[in-house]
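Undergrad: Model the structure of this input:
(chains A and B)
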Amino acid sequence: MNAPAYNFAYLDEQTKRMIRRAILKAIAIPGYQVPFASREMPMPYGWGTGGVQVTAAILGPQDVLKVIDQGSDDTTNAISIRKFFGKTAGVATTTATSDATVIQTRHRIPEAPLHAGQVLVYQVPIPEPLRFLEPRETETRRMHALAEYGLMHVKLYEDIARFGHIATSYAYPVKVNARYVMDPSPTPKFDNPKMDNCPALQLFGAGREKRIYAIPPHTDVVSLDFEDHPFTRYRFDAPCALCGAGDSYLDEIVTDDKGGRMFVCSDTDYCESRQLAGHRGSESAAPHKERAHG
Amino acid sequence: MAEPQDPMQDDQPLLVAEDVGKNYGRLTACRDVSFALYPGEVLAIVGESGSGKSTLLQLLSAQLAPSAGRVSYRMRDGVLRDLASLGEAERRFLFRTDWGYVHQDAAQGLRMAVSAGANVGERLMAVGWNHYGRIRDTAASWLERVEIDTARIDDAPRTYSGGMRQRLQIARNLVTEPRLVFMDEPTGGLDVSVQARLLDLMRNLVGELGLAAIVVTHDLAVARLLSHRVMVMKGGRVIETGLTDQVLDDPREPYTQLLVSSILPA
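TA: Predicted coordinates:
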């Protein structure tokens, strides 16, 4: 390996074993939060220590790793985690969603459909969906055990009472396999439907809170709602300014101090591959024009 | 939601306590309490601080397991069941559907950070209501019944006065049309005029809905106004029991005579 001082993929084998046991249990009980003995990682809590531990535990030498942060492959967090595993595991890395076997993500699910054999690893800050309504952990565990989820609807009720619609736009609660209510980590609710019946395995790791949970492939994932206020996806009503995509989740980018802004795909890989395929938006940058001329 | 009560069942007790007792180590908090509560009946438990009233209330509402004796409840299907034999899920379900529990401190019985409407609607959502409009309409009609301005349906109870909080707590408990309500000093900490209004409201609701209620209080005026029957407790035992008027007008036990005579003349 590149760094002989470390075991393959940083964690020692006993730790990986412990994490894998938690993962197996999580897969066996979809949506259930399995406690695990989270380790100190060489990064601060909140930077993906849970996700990194899950990735380290499942990574094999043949795996191809992709890391995204808010959909982007080239932010600090994504680059440093990608480098971390490049160095400690020597695995191949990629930015292409379809080439990756393991995708660690913070706050997004890639736009390109995932396929069987892929594993999506989420970094989770607060795994407990009931936390802000019921602060007692003993009580929330009991509520999960007895499937008492009326409280979750209280939150949605409050949204409608205050804003006239369900204003929760991220970390939108879902019910997994018609049993456990789960926090899908702070992904935008735009991504919630992608979790349903997904052919890839989805694993969630919360390092500080010491919880792992999972959605096995092809599991029912239903976003909670009211009959008269059904779940809706939210998306800015604009095409991507770079690739013209009308179906992707968009970031709003402020371009000056006079109210100027543009909307671009949050998934950089999706946006770039569309641009390579010749799609153009209103603000397409020069390289494509050059390529078009050349 | 309200199934018509089978009149044949009304002569069957709703809640039966048999020789119920509770020890905390060597300390006996209450002992040998036996009574039957019938549908639509309001029972007041009176006594001084430390007489075991609150412990008894917790025993009766299955929040504490008795050290001796047993408490049975007639479920909606008409079967009398020992509360100790209920699973936790059943007990909790009972607690949020067929029972109500009004705390002395409304902050304990309410979610102070969510709106009044959601507080009332929570029980409905817990039993599977999934239509925002209907939940809200029901909540609004209950706020009206407890005399809270429906314009304040979206305000959090922490912006409410003490009396409003207590009324909101009552609405929250009654929304699933329970058959039995436990009240622990429901008027404690409220000023006299607010108390009077609350008592009046509770008396009307109990009468309208045919609720059975067990009210713990140290205030004999509350007992006189609300209850049909009174149990007087002292040192963990029931020392006198009977119709409210009878016990309060013609107390037999010296302690009850003391209690009655220590009411300040209005």
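Undergrad: I'd like to know how many residues surround B:S49.
TA: 7 (other Cβ atoms under 10 Å in any protein chain shown). The way it works is simple: take the backbone N, C-alpha and C, and place the C-beta from them, glycine included.
Undergrad: In a strand, it, correct?
TA: No - using DSSP: H, G, I helix; E, B strand; the rest coil, the assignment for B:S49 is coil, not a strand.
Undergrad: ok, it - contacts?
TA: B:H218 (Cβ atoms under 8 Å, 6 or more residues apart in numbering or on different chains).
Undergrad: Give me the pLDDT value at it.
TA: Note on B:S49: pLDDT of 85.
Undergrad: and what of B:R96?
TA: pLDDT for B:R96: 88.
Undergrad: can you check B:G235 too?
TA: At B:G235, pLDDT is 90.
Undergrad: Tell me which residue of chain A lies closest to chain B.
TA: Taking Cβ to the nearest Cβ, chain B has its nearest neighbour within chain A at A:G150, 2.8 Å off.
Undergrad: Skipping adjacent residues, who's closest to the closest residue to chain A within the stretch 51-200 of chain B in space?
TA: Closest contact between the stretch 51-200 of chain B and chain A, by Cβ to the nearest Cβ, is at B:A126 (2.8 Å). Closest residue in space to B:A126, ignoring its immediate chain neighbours: A:G150 at 2.8 Å, by Cβ to Cβ, 6 or more residues apart in numbering or on different chains.
Undergrad: Can you name the residues that contact the one you found?
TA: By Cβ under 8 Å, 6+ apart, the neighbours of A:G150 are B:R96, B:E122, B:R123, B:M125, B:A126, B:V127.
Undergrad: With secondary structure and neighbour count as new columns, can the residues you listed be given to me in TSV?
TA: Listed next are the contacts of A:G150 as TSV, based on DSSP: H, G, I helix; E, B strand; the rest coil; neighbours: other Cβ atoms under 10 Å in any protein chain shown:
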residue	secondary structure	neighbour count
B:R96	helix	19
B:E122	helix	24
B:R123	helix	20
B:M125	helix	21
B:A126	helix	20
B:V127	coil	14
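Undergrad: Just give me the least confident of the residues you listed.
TA: For those, the weakest pLDDT value sits at B:R96, with 88.
Undergrad: hang on, that one packs against B:V175?
TA: No - between B:R96 and B:V175 there is no contact under Cβ atoms under 8 Å: 10.1 Å.
Undergrad: any residues in contact with both of these two?
TA: By Cβ under 8 Å, 6+ apart, the residues touching both B:R96 and B:V175 are B:R123.
Undergrad: Name the residues of the stretch 51-200 of chain B found near chain A, please.
TA: Within the stretch 51-200 of chain B, the positions adjacent to chain A are B:88-89, B:92, B:96, B:111, B:114-115, B:117-118, B:121-123, B:125-127, B:130-133, B:135-136, B:153-154 by Cβ under 8 Å from any Cβ of the partner chain.
Undergrad: Output the below-cut-off pLDDT ranges for chain B.
TA: B:1-10, B:264-266 (pLDDT under 70).
Undergrad: Assign the residue positioned nearest the centre of it to helix, strand or coil.
TA: Closest residue to the average C-alpha location of chain B: B:F182 at 1.9 Å, with Cα atoms, centre = their mean. Assigned state for B:F182: strand (three-state reduction, three-state DSSP).
Undergrad: Isn't it up against B:L211?
TA: No - counting by Cβ under 8 Å, B:F182 sits too far from B:L211 to count as a contact (10.9 Å).
Undergrad: what's the host helix or strand of B:S34 in contact with?
TA: Assigned by DSSP states H and E, B:S34 belongs to strand B:27-37. For strand B:27-37, contacts defined as Cβ under 8 Å, 6+ apart pick out B:13-23, B:43, B:52, B:55-56, B:59, B:68-69, B:180, B:212, B:214, B:231, B:233, B:236-238, B:241.
Undergrad: Give me the subset of these lying in strands.
TA: B:15-23, B:43, B:68-69, B:180, B:212, B:214, B:231, B:233, B:237-238, B:241 (DSSP state E).
Undergrad: Check what pLDDT the residue nearest to B:A126 gets.
TA: Reported pLDDT for A:G150: 90.
Undergrad: next one: A:A292
TA: pLDDT, A:A292: 48.
Undergrad: same deal with A:G281?
TA: 88.
Undergrad: A:L242 is in contact with that one, correct?
TA: Yes - A:G281 is within contact range of A:L242, at 4.6 Å (criterion: Cβ under 8 Å).
Undergrad: follow-up on the earlier one: which of the residues of the stretch 51-200 of chain B next to chain A are buried?
TA: Neighbour-count burial within those applies to B:92, B:96, B:111, B:114-115, B:117-118, B:121-123, B:125-126, B:132, B:135-136, B:153; the criterion is 16 or more other Cβ atoms under 10 Å in any protein chain shown.
Undergrad: Since that was my last question, I'll sign off now.
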